[in-house]
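> quick one: sequence plus predicted model below, questions after.
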Amino acid sequence: MKARIFTLRAYTTAIFTLLIGVFVSIELSDWSWFSRSGSLVVINGIILTSHQIIQHMQTLGQYQRKKFSQFRKDWAHEDKHDFIHDDHENRWKSEKYGLYMLILGTLVWGFGDLINYI
């Protein structure tokens, strides 16, 4: 749940940044500002992706510590496996969205100023 909220906030910030870049570019008739906003979206995507990697590493460490402290017979193996699988699927989706944000931000950063010539 926390990962979804963090991802939603990151995307809201990215969209807001791009909209400000478009507004400033239109007002100043200089689309290099839109290009610069793309670099901020890339930074936002890096933060999103890095946050998920760090959180994933911490979660793996917790699972490993719990594994060594358990009894020999694991009566909840199936439930834990399903929980871990669902958690992994949710994290993969969030990481995928972070990657999309990096791609979009990089494209805007590299080619955003060319909108002026269209």
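That came in fine, so what should we check first?
> burial measure for Phe16, as a count.
Look at Phe16: counted by other C-beta atoms under 10 Å, it has 12 neighbours. (Glycine included, C-beta is placed from N, CA and C.)
> quick one: distance of the helix or strand encompassing it to the chain centre.
Using DSSP states H and E, Phe16 maps to helix 2-28. Here helix 2-28 shows a centroid-to-chain-centroid distance of 13 Å under the convention C-alpha atoms, centre = their mean, to the nearest Å.
> buried stuff in that helix?
Buried residues in helix 2-28, counted by 16 or more other C-beta atoms under 10 Å: 3, 6-7, 10-11, 13-14, 17-18, 21-22, 24-25.
> and which of those is nearest Ser37?
Using C-beta to C-beta, Gly21 comes nearest to Ser37 of those, at 2.6 Å.
> by how many degrees do whichever helix in the chain runs longest and helix 2-28 diverge?
Longest helix of the chain, by residue count under DSSP state H: helix 32-68. Calculated by axes from the mean of the first three to the mean of the last three C-alpha atoms, to 10 degrees, helix 32-68 forms an angle of 170 degrees with helix 2-28.
> quick check: buried residues in helix 32-68?
Residues 33-42, 44-45, 48-49, 51-52, 56 are the ones in helix 32-68 that count as buried (16+ other C-beta under 10 Å).
> before we move on, back to that, list the helices and strands the helix holding Phe16 packs on?
Helices and strands touching helix 2-28, by 3 or more C-beta pairs under 8 Å, 6 or more residues apart in numbering; DSSP states H and E, are helix 32-68, helix 77-111.
> mean pLDDT for these: which is lowest?
Mean pLDDT is lowest for helix 77-111 among those, at a mean of 72.
> can you pull the contacts of Phe34?
18, 21-22, 24-25, 108, 112-113, 115 (C-beta atoms under 8 Å, 6 or more residues apart in numbering).
> let's see it at 6 Å
Counting by C-beta atoms under 6 Å, 6 or more residues apart in numbering, Phe34 makes contact with 21-22, 25, 112.
> now do the same contact list for Ile115.
With C-beta under 6 Å, 6+ apart, Ile115 has these contacts: Trp31.
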